[in-house]
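Q: Quick one, structure for this:
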Amino acid sequence: MDSQGDPLTCRCTPGAADHAATRRGGRVVQRRGHRVVKRRSSIRRVLALVTVPGIAAACLVVPAAAQAASASVASLPSSFSFSGSGWGHGVGLSQSGARGQAQEGRTSTQILTHYFTGTQVKPVADAMDLRVNVQFDVASVRLRGEPLGSSGGRVEVNVAGRSYAFAGRSVVTLRNAGSSVQVVSASKVIASGNPVVVRWSGTRDSGATGSLPSVLNLVGPTGSIDSSGHRYRYGKVEVRSRVNGAGVRTLSAVNSVRLHDEYLLGIGEMPSSWPMAALQAQTIAARNYALVRYQAGIRPGCWCHVFDDTRDQVFVGYGKEAGASGSRWRQAVLRTAVSATTGQAVLYRGGVAQTFYSSSTGGRTQNSEDVWGSASPYLRSVDDHWSRDKRYNPSFAAWGPRARTQQQVAKAFALPDVVRLDLTSRNASGAVRTAKAWSSKGAYAVLSGATFSQRLALTSRWNFVTGTTDPMAAKAPVAVPTAYALTTGVVPGAVVVPAGATVSGLVLPASASKGKRVVIQKWINRQWKPAASITVATNGRYTYRAAPSSRGNYLFRVWKPSDNCTAKGCATRGAVSAPLRLDTAQRYVVGASAASKRVKKGSFATIQGKVTPTRANSRVLLQRFTGGAWKTLGSATVRTSGRFTYATRPSGTGGFVYRVWKPSDQCASGVCLLKAAVSSTVTVTVA
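A: From the prediction side, this is the model:
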């Protein structure tokens, strides 16, 4: 989840800005522009804040008449040297800080409520299945079931309603074949379809593979199946073929696991040898992050809630549990479970907080708006002096010096050369807010702290020129302007047409926002357009009824304009919430009954019913409960009336239990506008 991104606008003159930012899950990728301005002043003020190896630069004020002489005397520095501390974006939990606090005796709850302002740690439901993308945009994958004991490892591959069994340690290849996924074993094509579902023995959804503990070894086309890693103990794997953004058909593999334990046991974000309270804090933060992603819905293109890498959280599967001190990590995960279906989570005013985390800071964490532009009431800058302690952060308590050539620095600022730098503009955490550079001819450029640090490949934004005073050392609190902070959410998370949903949230501080108005904006034709203006209640809350008239996906956000503005600025800065996606869909309703509840042995049993809304020529699947699981017997076509009929001949006598499943339809990029449904059970007695 580490990143050094920052949405700060680059400015050389008031209002001049050129920037672009992209945020993906837990990572932030920034591309920040610059502007070069030729100075017209007759006096050049030189703030020499650069230390050149072997040269201590002095502060100068140079009259215009002396410029030529000055230029002839002063030589361009051949290189620049930078030092600093911390690593990562610095918003929310500091992992090194958690380690230090745990070592000093604080509990996981104390650690989390320190880093997430105004929050509480309480149990929430977390037993849902989370879809984790473990292979993305690949031509093929190979898999092999491997026993964790002397026997086991059986694999079942389900394609188009049929199951194919493979013995332990058999290698199976799944590859693209037109619009389908082809199943290949021993150079022979076994089956093809889309998607392909893989189960293995010892999981809670093992199919017919048995209960012997096993792992699924799954690797992409360039990896070695015999190498370490890429082994999955829990859940099942779904492999789908799709056309990617480049127009190429590729495969994606998703491991569907229970968030409560199966997913968290595979999180590889913190060494398992660290203090138990730190491990528990990391577990809870990871649970929160996953819950927020789950609530956001399945992401288009990957059919997943999260990726298994730093686009979200690093998920290493069974490798975490089976690795060094893996039993301690397992213990930490289980200790944060309150019941079989609930686990501890960080809550802000009753809602699940988005608990970002990163490796370490320069002594204070970042305000969220200083990194991503949007203020959050619980992502505030707080003390993190533990990150400056080498006992807890041996690699990044202090880093540097890092030498950069004259050419590298000039290129970063798009100047012909650089004679001086100014890194004194800092945000509340002490990280560089803006970096300024001047050329030998008086032109200057300004970069955001994020862009400056990224272009020069510096470890973090908590940096300074080597040889000058470390601005993060024993840092005094920084006064920052008051800013609104917005929270927003939707109930329910997935909207069912035409019922709609209520978008609600909070504008802080409530004392300043009460009676003011927020603007509900909707994403239309690639731009945000106002949809409504809502008055904020005395407690700072607002509500908006969103009732889309048709199925689809809608994006909303909430904007609170700045208040009490004068020519000198605004007393309270405005804020914009994160975008909120409403997945407007309609769920099928399936009714089913038996034409006759009793039939003679050898006779057909007819299951009939109706699906609404009607989608003629689509298919329903008849399933029978047998062997402790639902098995698909076949399919029937839905007629224009919405009705269907399926005849099956039960073998044997006794009670036979059936149900009808209507799969989702009108699906694209992992989002379905007509959602799957299942009928109530139907029992037929055969005598």
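Q: ok, the closest residue to Gly84 other than its chain neighbours - contacts?
A: With sequence-adjacent residues excluded and distances taken as C-beta to C-beta, 6 or more residues apart in numbering, Gly84 is closest to Asn463, at 3.5 Å. In this view, the C-beta of every residue, glycine as well, is placed from N, C-alpha and C. Going by C-beta atoms under 8 Å, 6 or more residues apart in numbering, Asn463 touches 82-84, 400, 423, 432, 453.
Q: quick one: the helices in the stretch 1-150 of the chain?
A: Remark: helices assigned in the stretch 1-150 of the chain by DSSP state H, counting those that start in this stretch are 67-73, 95-103, 108-115.
Q: Of those helices, flag the one that's most buried.
A: A comparison of these by mean neighbour count, using mean count of other C-beta atoms under 10 Å, puts helix 95-103 on top with a mean of 26.
Q: Show me where this protein dips below the pLDDT cut-off.
A: Scanning the chain for pLDDT under 70 picks out 1-74, 474-501, 547-554, 581-585, 668-673.
Q: That one - how does it break down into domains?
A: Residue ranges for the domains of the chain, per automatic domain parsing: 19-85+403-465, 117-339, 485-585, 588-686.
Q: do you know which of those lies nearest Phe356?
A: Nearest to Phe356, of all the domains of the chain, is domain 19-85+403-465, at 6.5 Å by C-beta to C-beta.
Q: angle of the helix or strand hosting Leu291 against helix 95-103?
A: Using DSSP states H and E, Leu291 maps to helix 276-296. Helix 276-296 runs at 130 degrees relative to helix 95-103, counting by axes from the mean of the first three to the mean of the last three C-alpha atoms, to 10 degrees.
Q: helices and strands around helix 276-296, which ones?
A: Secondary-structure packing of helix 276-296 (3 or more C-beta pairs under 8 Å, 6 or more residues apart in numbering; DSSP states H and E): strand 93-94, helix 95-103, helix 108-115, strand 129-138, helix 326-335, strand 342-348, strand 351-352, strand 357-358.
Q: mind putting these in a markdown table, distance to Ser256 included?
A: Converted to a markdown table, those look like this (distance: least, C-beta to C-beta, whole Å):
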| stretch | distance to Ser256 |
| --- | --- |
| strand 93-94 | 27 |
| helix 95-103 | 28 |
| helix 108-115 | 28 |
| strand 129-138 | 5 |
| helix 326-335 | 18 |
| strand 342-348 | 18 |
| strand 351-352 | 21 |
| strand 357-358 | 25 |
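Q: Using TSV, lay out the helices of the stretch 1-150 of the chain together with distance to Pro663.
A: TSV is the format used below for the helices of the stretch 1-150 of the chain (distance: least, C-beta to C-beta, whole Å):
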stretch	distance to Pro663
helix 67-73	75
helix 95-103	42
helix 108-115	41
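Q: So for Val155, which of the ones you listed sits nearest?
A: helix 95-103 (36.5 Å).
Q: Provide the contact partners of that closest one at residue level.
A: By C-beta under 8 Å, 6+ apart, the residues outside helix 95-103 that reach it are 108, 110-111, 114-115, 269-270, 274-278, 281-282, 357-361, 365, 384, 386-387, 389, 391-393, 396-397.
Q: got it, and stretch 657-666?
A: Here stretch 657-666 makes contact (C-beta under 8 Å, 6+ apart) with 551, 588, 590, 592, 594, 605, 607, 609, 611, 615, 618-625, 630, 632, 644, 646, 648, 672-684.
Q: how about the helices in the chain?
A: 67-73, 95-103, 108-115, 276-296, 318-322, 326-335, 369-372, 406-413, 449-455, 510-513 (DSSP state H).
Q: of all the ones you listed, which lies closest to Thr640?
A: Here helix 276-296 is closest among the helices of the chain (C-beta to C-beta), at 36.9 Å.
Q: before we move on, the earlier item: among the contacts of helix 95-103, the buried ones, what's the PyMOL command?
A: Selection of buried members from those for PyMOL, criterion 16 or more other C-beta atoms under 10 Å:
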select buried, resi 108+111+114+115+269+270+274+275+277+278+281+282+357+358+359+360+361+365+384+386+387+389+392+393+396+397
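Q: tell me the contacts of Phe116?
A: For Phe116, the contact set (C-beta under 8 Å, 6+ apart) comprises 92-93, 346, 348, 353, 355, 378-379.
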